[in-house]
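Visitor: next one to model:
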Amino acid sequence: MADVLPLVEARLRTALGEPDARAAVTFLGTDRVEVLRFQDRDQDGELVRYATLGMSALPMSDPTAALADPVKGPRAELVISVRAGLADTDKVLRPLAVLAASPQVEGVIVAPGASLDVGEALWPGAPFTSVLVAEPGGLVEDLELDAPLDPVRFLPLLPMTPNEAAWKRVHGAQALQERWLTNGTDLRDPARGSVPLD
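Guide: I've put the predicted structure just below:
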């Protein structure tokens with residue numbers, strides 16, 4: 001089912017423009033995962049977006065299933081957006097590829113509301129070691145595939161500080177997102193501090 005990836009890349013280019021850099025990471029026993037970098041602007045300045053390409057080549061399967069279905073199952077790619085020039089965020093390529101490979105390596109299904117932890121800073125000096133998987137559809141629309149294949153969903157990742165990740169485990173993803181919204185947290189700031197959690 002490798003023919004899914006050209007369609008995925010075309011959807012990313014349509015939504016985000018031409019990538020200005022790409023890198024590939026291969027892990028033992030998994031398919032290659034590429035990470036594409038896109039430059040963008042919003043009302044507050046330059047943004048850089050990183051999107052995986054390769055995670056959706058195979059469907060994610062239930063880790064309790066005796067045999068992985070090679071056709072049916074959810075498919076996804078990951079997207080993270082940060083403000084440009086404030087940190088060495090290009091180093092997020094490897095952690096992002098690790099997260100994209102986790103369904104193949106660890107047999108997990110990555111879905112909105114989940115926390116993903118890379119066990120190290122997302123980039124040098126980053127106050128984040130984990131991300132919250134947000135709802136898809138805002139930045140890059142789902143890519144419908146021919147039946148019986150599930151659509152590819154482009155899942156935004158929101159970096160979390162260790163305190164936020166711990167608070168989210170207790171109170172849930174929705175409560176953390178409401179806390180961010182209430183406090184006007186700039187989730188694209190690569191050096192932001194933790195939102196007030198008391």
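Visitor: Three-state assignment for the residue nearest the centre of the chain, please.
Guide: Of all residues in the chain, the one closest to the mean position by Cα atoms, centre = their mean is L78, 2.9 Å from it. Secondary structure assignment for L78 (DSSP: H, G, I helix; E, B strand; the rest coil): strand.
Visitor: how about it, what does it touch?
Guide: For L78, the set of contacting residues under the criterion of Cβ atoms under 8 Å, 6 or more residues apart in numbering consists of 51-52, 55, 96, 99-100, 110, 154-155, 157. No exception for glycine: its C-beta is placed from N, CA and C like everyone else's.
Visitor: what segments of the protein are helices?
Guide: If you assign secondary structure with DSSP state H, the helices in the chain sit at 4-16, 93-106, 162-171, 173-182.
Visitor: the closest residue to G119 other than its chain neighbours: neighbouring residues, count only.
Guide: Nearest non-adjacent residue to G119, counting by Cβ to Cβ, 6 or more residues apart in numbering: T129, 6.3 Å away. Neighbourhood size, T129 [other Cβ atoms under 10 Å]: 18.
Visitor: next: D62.
Guide: 13.
Visitor: over to L47?
Guide: The tally of other residues near L47 (other Cβ under 10 Å) stands at 15.
Visitor: repeat that for the one 10 residues further on.
Guide: The number of residues packed near A57 is 19, by other Cβ under 10 Å.
Visitor: between the helices of the chain, which one is nearest to G119?
Guide: Between G119 and these, the shortest separation by Cβ to Cβ is 8.9 Å, and it involves helix 93-106.
Visitor: which residues of this structure fall in strands?
Guide: Ranges of strands within the chain are 21-25, 33-42, 45-53, 75-83, 115-117, 130-133, 152-160, based on DSSP state E.
Visitor: can I get those in TSV including mean pLDDT and distance to L143?
Guide: Supplementary listing: the strands of the chain in TSV, determined by pLDDT from 0 to 100; distance: least, Cβ to Cβ, whole Å:
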stretch	mean pLDDT	distance to L143
strand 21-25	90	19
strand 33-42	89	15
strand 45-53	93	12
strand 75-83	96	8
strand 115-117	94	21
strand 130-133	96	17
strand 152-160	97	4
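Visitor: could those strands be laid out in a markdown table, adding distance to W123?
Guide: What follows is these, written out as a markdown table (distance: least, Cβ to Cβ, whole Å):
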| stretch | distance to W123 |
| --- | --- |
| strand 21-25 | 14 |
| strand 33-42 | 13 |
| strand 45-53 | 10 |
| strand 75-83 | 9 |
| strand 115-117 | 15 |
| strand 130-133 | 12 |
| strand 152-160 | 10 |
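Visitor: alright, that wraps it up for me.
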